[in-house]
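Chemist: what shape does this take:
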Amino acid sequence: MIKKCMNKFLSVAGVVIFAIILSCNPQKQIIKAPIKEKGADYLFAQLQKNEFKFNQLNIKFSASVSVNKNNNSFSGNLRIRKDSAIWISVSPALGIEAMRLLITTDSAKLLNRLNTTYFAGDFKYINSLLKTDLDFDMLQSFLVGNDFSTYENNVFKASVDGGQYLLSSVGRGKLKKYLKNIADTSKFLIQDIWMDPDNYKITRVRIKDLKENHKLDVEFSDFEKIDSMLYPKKINFNIISDKTKIEISIDNSRITINEPLEFPFNISSKYKKGKDQ
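Modeler: Got it, this is the predicted structure:
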């Protein structure tokens, strides 16, 4: 009789414990549903629906940069004209501009006011500074927390990781209409994208190049509502290659969109070409 009661008690206890376990993980059950029903296409549709949309963007920021544990901090102003230009003014101290950078889809220009030099070249200069392999679309997307607009989306698999959606690809290439030459066709991204299941905003992007042993990891956090859209006030870059480790932490503030902006960049005759040219 006692044994029968014990068995009944254990059965009831087992059901209760199982129910408690399920109730403690409701989010896990909820976030798996869209993946089973609709897959990666559904997640990309939600991602694009909730992306940060703008024509012109103006941001005050502060940043810290560590290159192989050599640290520097500065503040500045970032301006973006969508799909056209990225303008950055850097002021290390007292609000005095030290550098100005203008990046377009196929060019990069830098004014160094500290030593009165300038650089004018193509986008490869940006990659030489960051020790990575980006293009304009990728850089712009990282600065606003959006996905790349010129790359295909049909090569991803969807899953759940750490309570977030995870989109993974081992061969994301550029859309044909954005290919400029034969070399572009050989560029494929090994990419992971983490998304918040509550708002479908990107919280992390990781890009790996197994051949070159490079890795780029970008995290987005502290989202603020700007014109009913969410923008990441904190963006952290981690760039790792064979010989270099770069960490960039950006804190954004005073964010405004779609106001008239200027992108001034004049090279005075007193400036000389930098050693990189």
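
Chemist: count residues in the vicinity of the nearest residue to Glu247 once chain neighbours are set aside, would you?
Modeler: Leaving aside its sequence neighbours, Glu247 sits nearest to Ser66 (Cβ to Cβ, 6 or more residues apart in numbering; 4.3 Å). Where C-beta positions appear, they are placed from N, C-alpha and C, glycine not excepted. As a burial measure, Ser66 scores 15 neighbours (other Cβ atoms under 10 Å).

Chemist: gap between Ser66 and Asn258?
Modeler: Counting by Cβ to Cβ, to the nearest Å, the gap from Ser66 to Asn258 is 34 Å.

Chemist: got it, and Asp198?
Modeler: For Asp198, the distance to Asn258 equals 26 Å [Cβ to Cβ].

Chemist: now swap in Leu175 and tell me
Modeler: Taking Cβ to Cβ, one finds Leu175 at 26 Å from Asn258.

Chemist: also Ser149?
Modeler: In terms of Cβ to Cβ, Ser149 sits 18 Å off from Asn258.

Chemist: quick one: which of Asp198 and Asn258 has more around it?
Modeler: Asn258 (13 against 9).

Chemist: which residues touch that one?
Modeler: Phe54, Asn55, Gln56 (Cβ atoms under 8 Å, 6 or more residues apart in numbering).

Chemist: quick one: which of those residues is most hemmed in?
Modeler: Phe54 (20 neighbours).

Chemist: let me see the confidence value for that residue.
Modeler: Phe54 is assigned 97 on the pLDDT scale.

Chemist: my guess is it contacts Lys82. True?
Modeler: Yes - if you go by Cβ atoms under 8 Å, Phe54 and Lys82 touch, sitting 6.1 Å apart.

Chemist: just how off-centre is stretch 133-149 within its chain?
Modeler: Its chain's C-alpha centre and that of stretch 133-149 lie 7 Å apart, by Cα atoms, centre = their mean, to the nearest Å.

Chemist: buried ones in it?
Modeler: Across stretch 133-149, burial judged by 16 or more other Cβ atoms under 10 Å covers 134-148.

Chemist: now, which of these sits nearest Asn213?
Modeler: Leu134 (16.9 Å; Cβ to Cβ).

Chemist: now do the end-to-end distance for stretch 191-206.
Modeler: End-to-end distance for stretch 191-206: 6 Å, by Cα to Cα, to the nearest Å.

Chemist: buried residues in that stretch?
Modeler: Burial within stretch 191-206, assessed by neighbour count using 16+ other Cβ under 10 Å, is assigned to 191-197, 200-206.

Chemist: stretch 164-176 now?
Modeler: Gln164, Tyr165, Leu166, Leu167, Ser168, Ser169, Arg172, Gly173, Lys174.
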